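K.L.:
Here's a sequence, model it:
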Amino acid sequence: MTLDSPGREPTHIEIAPDVRAWKVGRSYHIAFPYHPEAKRVMDGLDSAYWAPAAHCWIAGANRHGEIEAALRRIDAILGPDRHVRRQAREAAAPGKLARTLVPVDDGLEAGQVRQIDGRHVTVERFGREFPAGRGFRRAGRPELDGKMICYAYHRPATDAEIEAFEAQRDEGDPDLEMAP
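P.N.:
Below you'll find the predicted structure:
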C-alpha cells in the first residue's frame, strides 16, 4: 500500500498486479479477474457496488482495511496458477502475441530469441514498466519481488531465428532462457 501521509487512506492497495484498488476522490476503484466466489466476497463488503461504466467495483475510502482484507481473500480464491492459465489461453489464440513478465534490467531487447519452457520465442515488444509487488512471491515468481518489471510480448521463433539463436548459444552467451 502507498500512503499519501500518515493517518490517511492509502493511494492504492495492490495484492497482485491483477488484484488491486486505487483511490479516486472519496472512494476506491477495485479491479480483479472475474470469479463467482470473488463476486460474493465483494457483495459482502459494505458500501461496495459494481460500476459497469468503469468496469470495476467501487467502495468507500473509509473502508480501506476491509477492502484490503477482501482483496487478499480474492487473491487466494483466484489461486497462484491463474497467470499460467492466462498465458496458455493467450498463446493458443491465433495471431495474438503471448506475454511473459521479465525484469526491466535483464538486457532483453525486441527481436531477440529466447527459450520459454523449452520453446523458442522471438520477443516482439515490451509493455509498460511497473513495480513487482509481494504478490509475485506467492504466485511462484519470487525473483521478481521488488523489481521493476514489464511484459515481453513474443511469438514462436522461425527456423532461421532458432538456428541463429543456437549458434549464439554455442559461442558461450550465458543463460538465454527466460522464466515463464
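K.L.:
Please, where are all the strands along this structure?
P.N.:
Assigned by DSSP state E, the strands in the chain fall at 2-3, 10-16, 19-24, 27-31, 49-51, 56-60, 98-103, 113-116, 119-126, 130-131, 148-156.
K.L.:
mean confidence for the longest helix seen in the chain?
P.N.:
With secondary structure taken from DSSP state H, the chain has its longest helix at helix 64-78. In this model, helix 64-78 has a mean pLDDT of 94.
K.L.:
Val123 and Ala167, how far apart?
P.N.:
As for Val123, its distance to Ala167 is 18 Å (criterion: CB to CB, to the nearest Å). C-beta here means a position set from N, CA and C on the backbone, and glycine is covered the same way.
K.L.:
swap that for Ala76, sorry
P.N.:
Separation of Ala76 from Ala167 (CB to CB): 46 Å.
K.L.:
Comparing the two, which shows the higher neighbour count?
P.N.:
Each of Ala76 and Ala167 has its neighbours counted (other CB atoms under 10 Å); Ala76 has more, 15 against 10.
K.L.:
Which secondary structure elements does the longest helix of the chain sit against?
P.N.:
On a contact count with 3 or more CB pairs under 8 Å, 6 or more residues apart in numbering; DSSP states H and E, helix 64-78 meets strand 10-16, strand 19-24, strand 27-31, helix 36-43.
K.L.:
Ala160 is nearest to which of the ones you listed?
P.N.:
strand 10-16 (38.1 Å; CB to CB).
K.L.:
Averaging pLDDT per element, find the lowest-scoring helix or strand in this structure.
P.N.:
The helix or strand of the chain with the poorest confidence is strand 2-3; it has a mean of 42 (mean pLDDT, DSSP states H and E).
K.L.:
Appreciated, that's everything.
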